[in-house]
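In: The following block contains a protein sequence and its predicted model.
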Amino acid sequence: MTLIGETQGAPAAADLIKDATDASFIADVVEASKTTPVIVDFWATWCGPCRQLGPALEKAVLAAKGAVKLVKVDIDANPAYAGQLRVQSIPAVFAFVDGRPVDGFMGALPDSQVKQFVDRLAKQGGASPIDELLGMAKESLELGDAGGAAQAYAQALQMDPTHVKAIGGMARVLQQAGDLDQAREVLEMAPPDAKDPDIDAVRAALALADQAPSETAVFEARILADADDHEARLEYAKALAASGQMHEAVDQLIESIRRDREWNDQAARKQLLTIFEAAGPMSDVAKQGRRKLSTILFS
């Protein structure tokens, strides 16, 4: 199930940053801003501050990953709209949303303030392209379309390979499809300290798979011979969980806890918590398992 790299990549710089003329201003700015906020940078080749501001604007717009576009207008060659907007000095920057100017500034600003300006405008535009893709992925999962979800997550990762939610979602889809090797590869894209429920769940599921014994018959036989063989019950539960039989694994561990909750430094309880994490904290496996555990611990 190889999906990373099969979809179109992030918006190219040419799609996010362009030069406009008086003839193209309506299409490039007014109409375009009805779907995505557009920043207009009025500049000229002889303007020193313009050369300082331009790269900072471009960097901030590219960092927004499609949430904002930048249009550059040379006022010497294209004076019409600069005149309509009463531009008296350059650089002059205007932000357009829904076909009209909503914000702006004159002169060069520090990079940090330029970034704040772009980020503020991006929020006015509503959901970013990545957020929209994550929403599509969630909707696909709710409809049982794992392939559609995987495609949406893959597109989001092409836009931002470090996006924690996209990494977690993609890894979860791969893990649930049984493609554990690629799930591991996707997880490696996440920072070690990343906090995300899907990432935590996949890491727990992979840990279960790594721990699982290949044979189960010997452990079943040992449990039948001695119901207090906690080691056999623990290994049997690991094998069940690794094969997707989460409820059955939980039942084995609950039984072990009921018989001796302190065995091996509460090994059964620790394994149970790993299963809850792998299944997801809001899953039926976790909810039912917690209820059963509470019944034992507080009886």
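Out: Arrived safely, thanks for sending.

In: so what's the spatially closest residue to Thr216 that is not a sequence neighbour up against?
Out: What sits nearest to Thr216 in space, not counting adjacent residues and going by CB to CB, 6 or more residues apart in numbering, is Ala239, at 4.6 Å. Quick note: C-beta positions are derived from backbone N, CA and C, even for glycine. By CB atoms under 8 Å, 6 or more residues apart in numbering, the residues touching Ala239 are 212-213, 215-216, 219.

In: Now those residues in TSV, please, with extra columns for pLDDT, distance to Met136 and secondary structure.
Out: Below are the contacts of Ala239 laid out as TSV (pLDDT from 0 to 100; distance: CB to CB, whole Å; DSSP: H, G, I helix; E, B strand; the rest coil):
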residue	pLDDT	distance to Met136	secondary structure
Ala212	81	34	coil
Pro213	82	39	coil
Glu215	80	42	coil
Thr216	86	40	coil
Phe219	93	43	helix
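
In: Most neighbours among these, which one?
Out: Scoring the contacts of Ala239 on neighbours with other CB atoms under 10 Å, the highest-scoring entry is Phe219 at 22 neighbours.

In: any idea how far Glu235 is from that one?
Out: From Phe219 over to Glu235 the distance is 5 Å, taken as CB to CB, to the nearest Å.

In: Touching both of those two, which residues are there?
Out: Common neighbours of Phe219 and Glu235, using CB under 8 Å, 6+ apart, are Pro213.

In: residues near Ala95, how many?
Out: 22.

In: Likewise for the one 10 residues further on?
Out: Using other CB under 10 Å as the criterion, Phe105 is surrounded by 15 other residues.

In: Name the helix or strand for the residue nearest to Thr216, please.
Out: Assessed by DSSP states H and E, Ala239 sits inside helix 230-242.

In: Which element is encountered next along the chain beyond that helix?
Out: Per DSSP H and E, the helix or strand that comes after helix 230-242 is helix 246-259.

In: Okay, buried residues for that next one please.
Out: Residues of helix 246-259 classed as buried by neighbour count (16 or more other CB atoms under 10 Å): 246, 249-257.
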